[in-house]
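Colleague: What shape does this take:
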Amino acid sequence: MAKFLRKEDVKALNYLVEGYIAFLDDRGLSSTPAAQELIDAYGDISEEGNTVSVIADCVTAAAKLDASWAGALNAIVSSGIRQLNYPSSWRVATTRSAQDYITRNPGTPIAVSGGPTVATWVCPGLGVPSHPAHDALPINCTVDHDTPVVWHWNNFGYDTTKTERTEWYHDASNHVIMCGSCNSAKSGGGVFYNIVTGNNYSN
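Modeller: Below you'll find the model as predicted:
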């Protein structure tokens, strides 16, 4: 199993788990089986990096006490997996494609802060009432994956090479252009990255 957590991630995990343990201790709950499971799992965390099984045990133990605790811990793990296993920037061709999209989908010009009118483009939205298609400023243009990165990791990425994951990430057929607000709202749909790697995994 690969070690994927950075030292800063481990510190963040330590901070949260120590808080959870202190919370249980203050309420006289630290001797319960669920609390002991969390304490034991936490004791296996090392600042030098951790195998996926160690972190998984910690998240599982936290979930037995409070779902939000597990969610907070898994969010840190998810961030680490995402940053260490997929690119952090787009290729030039992708950036140009986004600019072409803006040009091909003009919106209604608007006045910004009482100044001259500026061009806009039509963000496709998310197809739901809270995020319908709407005009957006050119500066608020982002590229997103139609099939989320978290889905790819959980179904394929965990058992692939760095090159394979990179090529998937830059596959234009899976890209969608939308404004930053819609991109943030779409996210991974509340799905966490599985804490596992396969036999064919490499980084």
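
Colleague: Only the buried residues of the helix or strand bottoming out on mean pLDDT in the chain, if you could.
Modeller: Of all regular secondary-structure elements in the chain, judged by mean pLDDT, DSSP states H and E, the least confident is helix 52-65 with a mean of 81. For helix 52-65, burial by neighbour count (16 or more other Cβ atoms under 10 Å) applies to 52, 54-59, 61-63, 65. For the C-beta atoms, the positions are set from N, CA and C on the backbone; glycine is no exception.

Colleague: Redo those residues as CSV? Include distance to A41.
Modeller: Putting those into CSV (distance: Cβ to Cβ, whole Å) gives the following:
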residue, distance to A41
V52, 13
V54, 7
I55, 9
A56, 9
D57, 4
C58, 4
V59, 8
A61, 5
A62, 8
A63, 11
L65, 11
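
Colleague: Looking at the residues you listed, which is nearest T120?
Modeller: V59 (42.8 Å; Cβ to Cβ).

Colleague: That closest one against A70, yeah?
Modeller: Yes. With contact defined as Cβ atoms under 8 Å, V59 reaches A70; the gap is 5.2 Å.

Colleague: mind listing the helices for the chain?
Modeller: Under the criterion DSSP state H, the chain contains helices at 7-26, 33-43, 52-65, 67-85, 92-104, 149-155, 162-169, 180-186.

Colleague: mind checking which of these is nearest T142?
Modeller: Of the helices of the chain, nearest to T142 by Cβ to Cβ is helix 180-186, at 4.6 Å.

Colleague: Just checking the distance from the closest one to the centre of its chain.
Modeller: 12 Å (Cα atoms, centre = their mean, to the nearest Å).

Colleague: Show me what it is packed up against.
Modeller: strand 142-145 (3 or more Cβ pairs under 8 Å, 6 or more residues apart in numbering; DSSP states H and E).
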